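A.B. asks: turn this into a structure:
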Amino acid sequence: MGILNVTPDSFSDGGYFLRPSDALNHAENLIKNGADIIDIGGESSRPGSSPVTITEELKRVTPVVNLIKKNFPDTLISIDTYKSEVASEAINFGADLVNDITGLKGCDKMASLISKTKVPIVIMHMRGKPENMQDNTHYTDLISEISFFFKTQIDLAKSYGIKDDKIILDPGIGFGKSLDQNFIILKNINKFCHLGYPILVGTSRKSFLTKTLKTNSNDVIEGTIASSLFCILNGASILRVHDVKKIKRSVEIIEKIMKS
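C.D. replies: Reported below is the predicted structural model:
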């Protein structure tokens, strides 16, 4: 899953792809380098970020979804939003799945939309909202609490008629977790895989890696590769990344080894 942020304030690539033509060019590069899915986001979810209006988010993402679907009809498009109005319009323009950082908690109409449109939904774990999620990172039992959240939200999804094969889980690396907790989640990624749903993981360029390696978000590819490959080796199905080419090549070698 290649990341395409059409925002002015995302932590790593904010402001780079605001023009639809620039976004399309970047999507083309991601696809050529091996992205199976393009994840388009119109609202930054970095720690401390503020929400944008539905109107503004629609203005940012719908032209880009439309352009990519017209030019690359075989590429899956994910819309990174927790607002049902944005998700609905994006689906109308060709989006194939919804990536909801609130795990169906941010909008009470999202579950019914997913049920009606029959697109897959990524249920991500996050405590609070991006603007305040790092204020409280205390957990009594981190893995159990995330698993309980998943089971609760899966039950909610099913109550709306969402089928098992439309559900993807994401433990939310960096979303309401401390540096050490992110590593604990990665170490236990197989426990989430045992829930029986595809697991999506996004470690790309995140601060738990930059702080550990004492560098910046544009110089942490080794950390992204190492964490991504560990997840693949332990059952994860989807990697959400900025550096598609390098991660894709690394995964190809790991998969070749695993199948040999």
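
A.B. asks: quick check, residue 166 in contact with residue 116.
C.D. replies: No. Between residue 166 and residue 116 there is no contact under CB atoms under 8 Å: 11.7 Å. Just so you know, the C-beta spots here come from the backbone N, C-alpha and C atoms, and that holds for glycine as well.

A.B. asks: quick one, which of the two is more surrounded?
C.D. replies: Comparing residue 166 with residue 116 by other CB atoms under 10 Å, the one with more neighbours is residue 166, at 18 against 13.

A.B. asks: who's in contact with the more buried one?
C.D. replies: For residue 166, the contacting residues are 114, 118, 119, 120, 121, 157, by CB atoms under 8 Å, 6 or more residues apart in numbering.

A.B. asks: tell me who's in contact with the fourth one.
C.D. replies: The one in question is residue 120. Neighbouring residues of residue 120 by CB under 8 Å, 6+ apart: 96, 97, 98, 165, 166, 167, 168.

A.B. asks: go on, the fifth one?
C.D. replies: With contact taken as CB under 8 Å, 6+ apart, residue 121 is in contact with 97, 98, 100, 104, 110, 114, 157, 162, 166, 167, 168.

A.B. asks: out of these, which are inside helices?
C.D. replies: The helices, defined by DSSP state H, take in 110, 114, 157 from those.

A.B. asks: measure the last one to residue 168 for me?
C.D. replies: Think residue 157. Remark: distance between residue 157 and residue 168 (CB to CB, to the nearest Å) = 11 Å.

A.B. asks: who touches both of these two?
C.D. replies: Joint contacts of residue 157 and residue 168 (CB under 8 Å, 6+ apart) are 121, 123.

A.B. asks: and the closest residue to residue 172 other than its chain neighbours, what does it touch?
C.D. replies: The shortest distance from residue 172 to any residue other than its chain neighbours is 4.1 Å, reached at residue 125 (CB to CB, 6 or more residues apart in numbering). Neighbour list for residue 125: 103, 146, 149, 150, 170, 171, 172, 175, 176 [criterion: CB under 8 Å, 6+ apart].

A.B. asks: what does residue 241 give?
C.D. replies: 1, 2, 3, 202, 204, 224, 228, 247.

A.B. asks: is the third one in a helix, a strand, or coil?
C.D. replies: Going back to what we said before, that points to residue 3. Each residue gets one of three states, and residue 3 gets strand by DSSP: H, G, I helix; E, B strand; the rest coil.

A.B. asks: ok, the last one next?
C.D. replies: With three-state DSSP as the basis, residue 247 sits in helix.

A.B. asks: backbone phi and psi for the nearest residue to it once chain neighbours are set aside, please?
C.D. replies: Once flanking residues are discounted, residue 247 sits nearest to residue 241: 4.7 Å by CB to CB, 6+ apart. For residue 241, the backbone dihedrals (degrees, to the nearest 10) come out as phi -140, psi 160.

A.B. asks: go on, residue 204?
C.D. replies: Note on residue 204: its backbone torsions stand at phi -50, psi 120 [degrees, to the nearest 10].

A.B. asks: re the thing from before, of the contacts of residue 120 - the most surrounded one?
C.D. replies: Using other CB under 10 Å as the neighbour criterion, residue 98 leads the contacts of residue 120 with 28 neighbours.

A.B. asks: got the contact list for that one?
C.D. replies: Per CB under 8 Å, 6+ apart, neighbours of residue 98: 78-79, 81, 87, 90-91, 110, 113-114, 119-122.

A.B. asks: narrow those to those in helices?
C.D. replies: Taking DSSP H, the ones among the contacts of residue 98 that sit in helices are 87, 90, 91, 110, 113, 114.

A.B. asks: hmm, the first one is touching residue 113, no?
C.D. replies: Yes. Using CB under 8 Å, residue 87 is in contact with residue 113, at 6.0 Å.
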